[in-house]
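Colleague: Structure for this input, please:
(one chain, ligands or ions: 2)
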Amino acid sequence: MKILVTGGTGYIGSHTVVELQQSGYEVIIIDNLSNSYESVVDNIEKITGTKPGFEKIDLTDAGKTIDFFKRHSDISGVIHFAALKAVGESVEKPLLYYRNNLNSLINVLEGMALSGVENIVFSSSCTVYGQPDVLPVTEKAPIKKAWSPYANTKQIAEEIIEFTTNVKNIKGILLRYFNPIGAHESALIGELPIGIPNNLVPFITQTAIGKRELLRVFGDDYDTPDGTAIRDYIHVVDLAKAHVIAIDRMLGGKSKDKVEMFNLGTGNGFSVLEVIKSFEKVSGEKLNYKIVDRRPGDIEKVWADTTFANEELGWKAEKGIDEMMLSAWNWEKALQEIG
Ligand code: NAD
Ligand code: UFG
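Modeller: Ligands and ions are numbered 1, 2, ... in the order given. Here you go, the predicted structure:
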């Protein structure tokens, strides 16, 4: 069966394409390459032995998106990763985020409805919970006022999908990721942001390898044991595997609702300083960092209650923080060798 993976040359998308192909799915990717490279398609082929289809399309272009669906009437499901994702940048450029993330989703849903594609897995985020009152956070936690335009695009996108499935023959699974990090064990794919990374882990590895001078730790005055913010970091391959399970579930007719939502995390929170410590331990490198002010839009702490995903999907994250950091470091070193 053929799956459309939007944003498939991106970080989580590329790992998911590998898992889909290794589970027997045919994959076609759409990406506008605004935050990824087409060469990722070749690296996926090196891992799986099969080259996924690829079309460079900007999904905010309604005409081109609809045309794509008309040309590919044999698609069984869509995994929609394509979006801009930097929390801090979204505070600076809200309209860019609303336009890109919401118009692209609307166009994909319209294309699906027109061509009879019934299943969508959507990349949501734990940012929909804002700063939760109760930790670990369950899927039943209230959706609170967003702390950033990025988070707001995820909240609105979830609602767009819910209202659309009420009137169209479409089912959805919303996957609320916590913080994906690490890279494929082959070190052929990983996180490869264009320009200066916004996320913590690529910034750590780029600093350690000498591409960046120092890591700024955003805030040490949070109400946490060491004062730095806490997140639930999850290995990207564990995360990718959950997408295959979600697609299997929908195509196998096992969904229990028109729209289902699942937290994808490990259930464990780590502070920024703990992540740095893990990195220093597995890499043997000393990291140059300094504490600076908090970053606008950041919440203090969040980690997942994964009971529902564990029980209902039969999925559990397996890899620990050290393994995540080691794979991220191996990927950074592999990138240096390529040059
Ligand atoms: P990424 O930037 O590596 O991948 C996103 C891909 O989408 C990129 O290749 C980019 O070029 C493409 N894209 C963006 N806008 C597009 C458009 N208009 N048309 C076509 N392609 C477009 O990001 P990622 O980390 O792989 O994130 C994938 C998804 O998961 C995003 O929706 C993101 O919001 C969500 N998410 C990511 C994280 C995280 O920490 N990485 C956490 C929660 C949710
Ligand atoms: N951080 C630093 N220095 C940096 C970068 C990050 O101290 O240079 C800190 C942040 O302040 C935060 C933590 O590291 O406390 C994690 O920051 P990231 O930017 O890696 O991740 P976020 O939690 O801000 O956001 C990420 C993704 C979003 C996603 C969210 C929740 O970028 O797309 O996780 O899943 F929605």
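Colleague: contacts and neighbour counts: CA atoms only from here.
Modeller: Noted.
Colleague: can you pull out the strands in the stretch 101-250 of the chain?
Modeller: For the stretch 101-250 of the chain, the strands defined by DSSP state E, counting those that start in this stretch occupy 119-125, 171-177, 179-181, 215-218, 230-231, 233-235.
Colleague: Pick the most buried one from those strands.
Modeller: For those, the largest average neighbour count (mean count of other CA atoms under 10 Å) is found in strand 233-235, namely a mean of 26.
Colleague: ok, residues contacting it?
Modeller: 178-183, 264-266, 268-270, 317, 319-321, 324 (CA atoms under 8 Å, 6 or more residues apart in numbering).
Colleague: How about the contacts made by N119?
Modeller: Contact partners of N119, counting by CA under 8 Å, 6+ apart, are 76-78, 170-172, 247, 250-251.
Colleague: ok, 10 Å please
Modeller: Neighbouring residues of N119 by CA atoms under 10 Å, 6 or more residues apart in numbering: 3, 75-79, 109, 112, 165, 169-173, 246-247, 250-251, 258.
Colleague: can you check V128 too?
Modeller: 141-148, 150-156, 158, 176.
Colleague: hmm, which helix or strand of the protein has the shakiest average pLDDT?
Modeller: Least confident helix or strand, the chain: helix 87-92 with a mean of 87, by mean pLDDT, DSSP states H and E.
Colleague: Let's see that helix as PDB, backbone CA atoms only.
Modeller: This file holds the C-alpha atoms of helix 87-92, laid out as PDB (Å, rounded to 0.1, in the frame of the first residue of the first chain):
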ATOM      1  CA  VAL A  87       8.900  27.600  18.900                       C
ATOM      2  CA  GLY A  88      11.200  30.700  19.300                       C
ATOM      3  CA  GLU A  89      11.100  31.700  15.600                       C
ATOM      4  CA  SER A  90       7.300  31.400  15.600                       C
ATOM      5  CA  VAL A  91       7.100  34.100  18.300                       C
ATOM      6  CA  GLU A  92       9.100  36.400  16.000                       C
END
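Colleague: ok, and for that helix, which residues are buried?
Modeller: Neighbour counts over helix 87-92 (16 or more other CA atoms under 10 Å) mark 87-91 as buried.
Colleague: for it, packing partners?
Modeller: Counting contacts by 3 or more CA pairs under 10 Å, 6 or more residues apart in numbering; DSSP states H and E, helix 87-92 packs against helix 94-115, helix 149-167.
Colleague: rerun at 7 Å
Modeller: Here helix 87-92 is seen to pack against helix 149-167 when contacts are counted using 3 or more CA pairs under 7 Å, 6 or more residues apart in numbering; DSSP states H and E.
Colleague: mean confidence score for the helix it packs on?
Modeller: Averaged across helix 149-167, the pLDDT comes to 96.
Colleague: rewinding a little: filter the contacts of V128 to the buried ones?
Modeller: Here, 16+ other CA under 10 Å leaves 146-148, 150-155, 158, 176 buried among these.
Colleague: Sweet, I'm off.
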